[in-house]
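S.K.: 3D, please:
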Amino acid sequence: MDLTFSPEEAEFRDELRQWLADNHPGDEPRGDDDSIFEFRRNWQRSLYEGGWAAVQWPQEYGGRDATLMQSAIFFEEIGRTRAPLPANVLGLLLAGPTIMTWGTTEQKERYLTPILSAEEIWCQGFSEPEAGSDLAAVKTVAERDGDQWVVTGQKVWTSGAQYSKWCMLVARTDREASKHKGLSYFLMDMEQPGVQVRPLVQITGEAEFNELFIEQATIPHENMLGGEGDGWNVALTTLMNERSGLGFFLQIRMRQLLDQVVERAVENGKIDDPVIAERIGEIEARTEITRLIAYRGLSTIEKYGQPGPEGSLTKWLWSETNQMLVQLAAEVVGPEALSADTAWSYELLRARGNTLEGGTTEILKNIIAERVLGLPRK
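M.R.: Below you'll find the model as predicted:
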């Protein structure tokens, strides 16, 4: 595809760059999860007031009707300026688009604006202890009781649940139907006695993820999204938006880290080590390929109206390359990368989860093998 920006795209980029220069939030606080969350929430409010919270949303819902290329530009520029992602990123990228597609008029009027303004934070209640890569195997059960549903079950890896007002919840409403057809999709209020959140502290010391215990929580029938038994199709809409734009944010951040490693290698003379130089060259090539594959994915969406299986390549390549990069950084930077509470030690520890989150490498390889290369299943 032609990667040259059109005049409209260049104008969009320049307007965004100027706004970011005038409104950049500064450095993100470190160490305290609550302080980081409030920092990102205030940042999203600034984006909302400036009309930048969800550029990809239609104007009627508070967005800018941005094209796919403009959305990519937005995430690249956010990454380039080292500004953080908004606090309600799951609401903006997942819940909002899903509600726009499947929601009633009343649901759209009720939920979309608070998502944009960060007044109400959202989390995603999909994965379970025995239903991670196989989402349709969820065992959380919702039973109809008059005008409401009573839900019992457990979710895990629920990002941001400790700050969330609402949860995109997939639960089984028909135990007799096949596993894909017996699911329904709910908008669950997290602020009720039947919902308990237990943060999972990671190796970095922070708690991005949570366990979610649901014991006879209630959900009004009007909070079902789509119809009863439509949960799988609604969930696919959410999943198709899961990495929308984030690939561009992640690849620009990886580029910045690589530039820092190269700078340190030049300073301490390790760039003259042929092994180090070769590894830098390999990561340089992989970083540029990640960027180009991400843009290629835009062509697929423009042509077919939805992401193709090739999108799995971007996540796979980024996750493995980022892990290679931080391992190299530990050798180039030295003890600083292995010292607690330094920026490099955080990157080294956090990268361990890259090949698990958002689709494990093994699952992504299967998708590519079967749906891109056309290889037979065992």
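
S.K.: how about E28: what's its closest non-neighbour residue?
M.R.: Leaving aside its chain neighbours, E28 sits nearest to P84 (5.2 Å; criterion: C-beta to C-beta, 6 or more residues apart in numbering). For every residue, glycine as well, the C-beta is placed using N, CA and C.

S.K.: report the backbone C-alpha coordinates of the least confident helix or strand in the chain by mean pLDDT in CSV.
M.R.: In the chain, no helix or strand scores lower on mean pLDDT, DSSP states H and E than helix 361-367, which sits at a mean of 83. Extracted in CSV, the C-alpha atoms of helix 361-367 (Å, rounded to 0.1, in the frame of the first residue of the first chain):
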residue,chain,number,x,y,z
THR,A,361,2.3,-17.3,20.6
GLU,A,362,1.3,-20.9,20.2
ILE,A,363,-2.3,-20.0,19.4
LEU,A,364,-1.2,-17.3,17.0
LYS,A,365,1.0,-19.7,15.2
ASN,A,366,-1.9,-22.1,14.8
ILE,A,367,-4.1,-19.3,13.4
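
S.K.: how about that helix: buried residues?
M.R.: L364, N366, I367 (16 or more other C-beta atoms under 10 Å).

S.K.: ok, now which ones touch the residue nearest to E28?
M.R.: Counting by C-beta atoms under 8 Å, 6 or more residues apart in numbering, P84 touches P25, E28, F39, R40, W43.

S.K.: pick out the lowest-pLDDT one from the residues you listed.
M.R.: Within those, E28 has the lowest pLDDT, namely 88.

S.K.: out of the contacts of P84, which is most surrounded?
M.R.: Compared across the contacts of P84, R40 has the highest neighbour count, 24 neighbours, by other C-beta atoms under 10 Å.

S.K.: might you report the residue contacts of that residue?
M.R.: So R40 contacts E28, P84, L85, P86, A87 (C-beta under 8 Å, 6+ apart).

S.K.: again, 7 Å this time
M.R.: Applying C-beta atoms under 7 Å, 6 or more residues apart in numbering, we find R40 in contact with P84, L85, P86, A87.

S.K.: and E128, how far is that from D145?
M.R.: 22 Å (C-beta to C-beta, to the nearest Å).

S.K.: please identify which of those two sits among more neighbours.
M.R.: Between E128 and D145, counted using other C-beta under 10 Å, the more crowded position is E128 (20 against 11).

S.K.: got the phi and psi for the more buried one?
M.R.: Here is the backbone geometry of E128 (degrees, to the nearest 10): phi -130, psi 170.

S.K.: so it touches V141, yeah?
M.R.: No - look at E128 against V141 with C-beta atoms under 7 Å: they stay out of range, at 11.4 Å.

S.K.: what residues do these two have in common as contacts?
M.R.: Contacts common to E128 and V141, judged by C-beta under 7 Å, 6+ apart, are absent.

S.K.: what packs against the least confident helix or strand of the chain?
M.R.: helix 311-333 (3 or more C-beta pairs under 7 Å, 6 or more residues apart in numbering; DSSP states H and E).

S.K.: could you give me the buried positions within the helix it packs on?
M.R.: Those would be 311-326, 328-330, 332-333, for helix 311-333 by 16+ other C-beta under 10 Å.

S.K.: next SSE downstream of the longest strand along the chain?
M.R.: The longest strand of the chain (DSSP state E) is strand 209-220. Sequence-wise, the next helix or strand downstream of strand 209-220 (DSSP states H and E) is strand 224-225.

S.K.: okay, stretch 224-231 in CSV with CA atoms only?
M.R.: C-alpha atoms of stretch 224-231 as CSV (Å, rounded to 0.1, in the frame of the first residue of the first chain):
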residue,chain,number,x,y,z
MET,A,224,-28.0,-8.0,27.6
LEU,A,225,-26.2,-6.9,24.5
GLY,A,226,-27.6,-8.5,21.4
GLY,A,227,-30.2,-11.3,21.9
GLU,A,228,-30.1,-14.4,24.1
GLY,A,229,-27.7,-16.9,22.6
ASP,A,230,-26.0,-14.2,20.5
GLY,A,231,-23.0,-14.0,22.9
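
S.K.: buried ones in that stretch, by neighbour count?
M.R.: Under 16+ other C-beta under 10 Å, the buried positions of stretch 224-231 are M224, L225, G226, E228, G229, D230, G231.

S.K.: please apply the same query to stretch 20-38.
M.R.: L20, P25, D33, I36, F37.

S.K.: list the residues that contact the first one.
M.R.: Put plainly, it is L20. So L20 contacts E77, T81, A83 (C-beta under 7 Å, 6+ apart).

S.K.: about what we covered before: tell me the one among the contacts of P84 nearest to Q256.
M.R.: E28 (14.4 Å; C-beta to C-beta).

S.K.: thought the closest one was touching I36?
M.R.: Yes - between E28 and I36 there is a contact under C-beta under 7 Å: 6.2 Å.

S.K.: roughly how far does the closest residue to K155 other than its chain neighbours sit from L85?
M.R.: Among residues not flanking K155 along the chain, L212 sits closest, at 3.9 Å (C-beta to C-beta, 6+ apart). Distance of L212 to L85, given as C-beta to C-beta: 22 Å.
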